[in-house]
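*Asks:* okay, predicted coordinates and the sequence, questions at the end:
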Amino acid sequence: MTTDTTPPRPRGPVAPLPVSILTGFLGAGKTTLLNRLVRDPALADTAVLINEFGEIGLDHLLVEPIHDGVVMLTTGCLCCTVRGDLVTALERLLRDRDNGRVTFSRVVIETTGLADPAPVLHTLMVHPYLVMRFRLDGVITVIDAVTGNATLDAHPEAIKQAAVADRLVLSKTDLVDRPERQEAYRDLVRRLAVLNPGARRLDVAKGEATPKNLFDCGLYDPETKSVDVRRWLAEEAVAGAADHGHGHGHHGHDHAHGDHRHDDEHDQGHDEGHVHDRNRHDDHIRAFTLATDEALPAAAFDMFLELVRSLHGPELLRLKGVVKLEDEPERPLVVHGVQHLFHPPARLPAWPDQDHRTRLVVIAQDTAADRIREMFAQFLSAVAPDRPDRAALMDNPLVPFGGIDR
């Protein structure tokens, strides 16, 4: 018999901890946002990985050192500098948590302003240990309302930061005071709506960038304690934006007046005063959906993903969705990838709602988008002139990876 009153630690696998990626270009205001978030009691049990403590205004807060590079704020939020290896920092946090030295139930990782968020996402998706202990909750991208257009024009990294986001946080909207700034801001909102129509946009100045709105945007909804595929995919918003683009004759990826909430005066001002630059980086990014009622053979879908990864990996910004497979059509497969790397697929115990279709949301460069669409149709055995069907792709010794059983 033990006299230890500490409750026993639960046996078996522990639930993965949610991780949010906070990104945004230099000067966008992500550090200001993070400063405010770490003071919020809602994030008291959050571990925050930051680049340098000097960027976070901790001086006026009482902090308790834990060990090198880690401090505990008076709010209970744990902050740790990322010095080189992200894997090392995450493993150290887990080790301290497992040993009872710290407690937290969420992690926020702030990237550098010049960073492509893909490598951080890759770390969470493919590391054999971290993938069991963490789950990606979402990507939060902060965009400067005043300089956002110029940043998107000049820096491809900023395009990627916006394209992979689950939440787009617009900062400094209170500085959009002059007519020229207002027109530029309307253009920025339209661009973001076309570039990433599935991402929810939040205005900092209006008080919308709260923990409740920023976090818990992944597949699992903590409020209902269930899987929310519709919310996670935002398929209707993506499909609606693509249809809106087709209606304007822009094939779904050009400038398509992406904000569906504008009024007639807004439209008129745009048509008369805005000259669209076809050389913009985001003109070559397309968000689109793939869907079918058909249950797919597992081997066919594996081949489809393998071809997408191998042939279009660098052009694939993000792919996520649920898939109905022939072997277990009542248990959907969840897939999530960034460029050529994918999180290990996971089976849900059942469909969470009445929509049992395969649904994929894809954000990719336009050179790959049409090919990915064609490839998906071919694996559905759709007949098209001068295009191989699924049987030809799957049982052809000349295709990459050798076809079936080769």
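*Replies:* Yes, it's here.

*Asks:* measure L319 to V362 for me?
*Replies:* According to Cβ to Cβ, to the nearest Å, L319 stands 5 Å off from V362. Glycine gets a C-beta too; all of them are placed from N, C-alpha and C.

*Asks:* oh, that last question was meant for L233, not what I typed.
*Replies:* Using Cβ to Cβ, one gets 11 Å for the distance from L233 to V362.

*Asks:* for T103, same thing?
*Replies:* From T103 to V362 the distance is 38 Å (Cβ to Cβ).

*Asks:* the more surrounded of these two?
*Replies:* For T103 versus V362, neighbours defined as other Cβ atoms under 10 Å are more numerous around V362 (24 against 13).

*Asks:* make sure that one is indeed in a helix.
*Replies:* No. The assignment for V362, made by DSSP: H, G, I helix; E, B strand; the rest coil, is strand rather than a helix.

*Asks:* how confident was the prediction at it?
*Replies:* pLDDT for V362: 93.

*Asks:* for it, name its beta-bridge partners.
*Replies:* F288, L319 (DSSP bridges).

*Asks:* ok, now which ones touch it?
*Replies:* V362 makes contacts with A287, F288, T289, L290, L316, R318, L319, A369, I372, as judged by Cβ atoms under 8 Å, 6 or more residues apart in numbering.

*Asks:* do you have the strands of the stretch 151-300 of the chain handy? List them.
*Replies:* Ranges of strands in the stretch 151-300 of the chain, per DSSP state E, counting those that start in this stretch, are 167-171, 200-203, 220-221, 226-227, 285-292.

*Asks:* export the ones you listed to JSON lines and tack on mean neighbour count, distance to A239 and mean pLDDT?
*Replies:* Supplementary listing: those in JSON lines, determined by neighbours: other Cβ atoms under 10 Å; distance: least, Cβ to Cβ, whole Å; pLDDT from 0 to 100:
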{"stretch": "strand 167-171", "mean neighbour count": "24", "distance to A239": "19", "mean pLDDT": "98"}
{"stretch": "strand 200-203", "mean neighbour count": "17", "distance to A239": "16", "mean pLDDT": "96"}
{"stretch": "strand 220-221", "mean neighbour count": "16", "distance to A239": "21", "mean pLDDT": "74"}
{"stretch": "strand 226-227", "mean neighbour count": "16", "distance to A239": "21", "mean pLDDT": "78"}
{"stretch": "strand 285-292", "mean neighbour count": "22", "distance to A239": "5", "mean pLDDT": "92"}
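
*Asks:* with distance to L214 added, can I get those strands in a markdown table?
*Replies:* Listed next are the strands of the stretch 151-300 of the chain as a markdown table, based on distance: least, Cβ to Cβ, whole Å:
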| stretch | distance to L214 |
| --- | --- |
| strand 167-171 | 6 |
| strand 200-203 | 7 |
| strand 220-221 | 15 |
| strand 226-227 | 20 |
| strand 285-292 | 21 |
